[in-house]
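A.B. asks: Could you look at this predicted model? Sequence included:
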Amino acid sequence: MKKKSSFSPPPSLTTKPAEKIAKIGKEEIYQNDFDFWADAYRERFSGFDEGQKREEILKIIQEQSLILQEAEKQKIATLTPEIFNNPSKDYPQRNILVDKLKNELEKLIITNISGEAISVWFYNPSAGRPIIPLEEAKSIAWEKISKVYQKVKKGEINIQQAGELIKNDASLAKIDPAFQTNAYVKFENSTKNNPPFAKEELNRVAFELKEGEVSEIILVSYKVPEDPENPDSPFGEKECHYTFIKINSRLTSDFTSFSQWLDEKKQEYPIQLY
């Protein structure tokens, strides 16, 4: 059973559609705004009492409004009556813009990194085992990635060129059928909540690197599930590939997530009920 809300909105929340019911920053909030979300989330709020429903809807409106106003401050949005401070705003367009601006704001306010990585796999469970003995495949992978790594460290080639060298090395097909796909990856504005790699170890290394820094070559292992149709197939924690990472740019912020930033900004944009 849900706990009843202590929120007690004034009578103005249930009056005429164009009537002002609140203010958030410089935006007037109208009964129409409230009614739109009450209808859009009718099923979501079906178990809420009236106080809870109104409180949740005003929080949604507050978050949208502050995102729009902060985006304008950052000069990445121009707020027009079509989507802002108007009782007859275009709600679908406002929602689309808010989602877009949220992504843009994350790049400006949340700790994030951009960079590139080179990988050479010698055991790829999803693409097939190497056609040569595993230890031999591992040795070849080390040799190939070490050569391009040294060239990158000496400044003879960049990471993208290193990736092309790996992609164009047809001999790697015998240790990884997907070697061309796996050779090079580029990532931009990756946050800890939306990291660049599936492997946590690689994300940890990436976020510890300084701007312009290249990591050591990392030996990466994955847990390989048992294959009941192939009992001879290895399973458990298995070494799979070598990888190195370069960070091209990074933004260091006090905020590690958008929700953390949002919670703090709500203090600057309180809901002022009429």
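C.D. replies: In hand now; what should we look at? On a predicted model such as this, the values are computed, not experimentally measured, just so you know.

A.B. asks: show me what contacts Ala22?
C.D. replies: Going by C-beta atoms under 8 Å, 6 or more residues apart in numbering, Ala22 touches Glu28, Ile29, Leu58, Ile61, Ile271, Gln272, Leu273, Tyr274. All C-beta spots, glycine's among them, are computed from the backbone N, C-alpha and C.

A.B. asks: Quick check: buried residues in the helix or strand that the third one is a member of?
C.D. replies: For Leu58, the enclosing helix or strand under DSSP states H and E is helix 50-73. If you call a residue buried by 16 or more other C-beta atoms under 10 Å, then helix 50-73 has these buried ones: 52-58, 61-72.

A.B. asks: Equivalent analysis for stretch 204-220, please.
C.D. replies: Under 16+ other C-beta under 10 Å, the buried positions of stretch 204-220 are Val205, Ala206, Phe207, Leu209, Val214, Ser215, Ile218.

A.B. asks: chain center to that stretch: distance?
C.D. replies: 19 Å (C-alpha atoms, centre = their mean, to the nearest Å).

A.B. asks: Now the terminal residues of it, how far apart.
C.D. replies: 13 Å (C-alpha to C-alpha, to the nearest Å).

A.B. asks: Likewise for stretch 175-186?
C.D. replies: 23 Å.

A.B. asks: any idea of the mean pLDDT in it?
C.D. replies: Computed over stretch 175-186, the mean pLDDT rounds to 96.

A.B. asks: Likewise for stretch 242-261?
C.D. replies: pLDDT averaged over stretch 242-261 gives 94.

A.B. asks: Endpoints of it, how far apart?
C.D. replies: So stretch 242-261: terminal residues 36 Å apart, C-alpha to C-alpha.

A.B. asks: One more: stretch 179-191?
C.D. replies: So stretch 179-191: terminal residues 27 Å apart, C-alpha to C-alpha.

A.B. asks: re the thing from before, give me the contact list for the helix holding Leu58.
C.D. replies: Outside of helix 50-73, the residues within contact range by C-beta under 8 Å, 6+ apart are 2, 4-9, 13, 22, 24-27, 29, 33-34, 37-38, 41, 45, 48, 77-79, 83-84, 94-95, 97-98, 101-102, 104-105, 262, 265-266, 268-269, 271.

A.B. asks: Among those residues, name the ones in strands.
C.D. replies: Ala22, Ile24, Glu27, Ile29, Ile271 (DSSP state E).

A.B. asks: Could you dump these into CSV with pLDDT and distance to Ile140 added?
C.D. replies: Shown next, in CSV, are the ones in strands among the contacts of helix 50-73 (pLDDT from 0 to 100; distance: C-beta to C-beta, whole Å):
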residue, pLDDT, distance to Ile140
Ala22, 96, 66
Ile24, 97, 61
Glu27, 98, 62
Ile29, 96, 64
Ile271, 96, 63
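
A.B. asks: I'd like those residues written out as CSV, with distance to Ser257 added.
C.D. replies: CSV is the format used below for these (distance: C-beta to C-beta, whole Å):
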residue, distance to Ser257
Ala22, 27
Ile24, 22
Glu27, 25
Ile29, 26
Ile271, 22
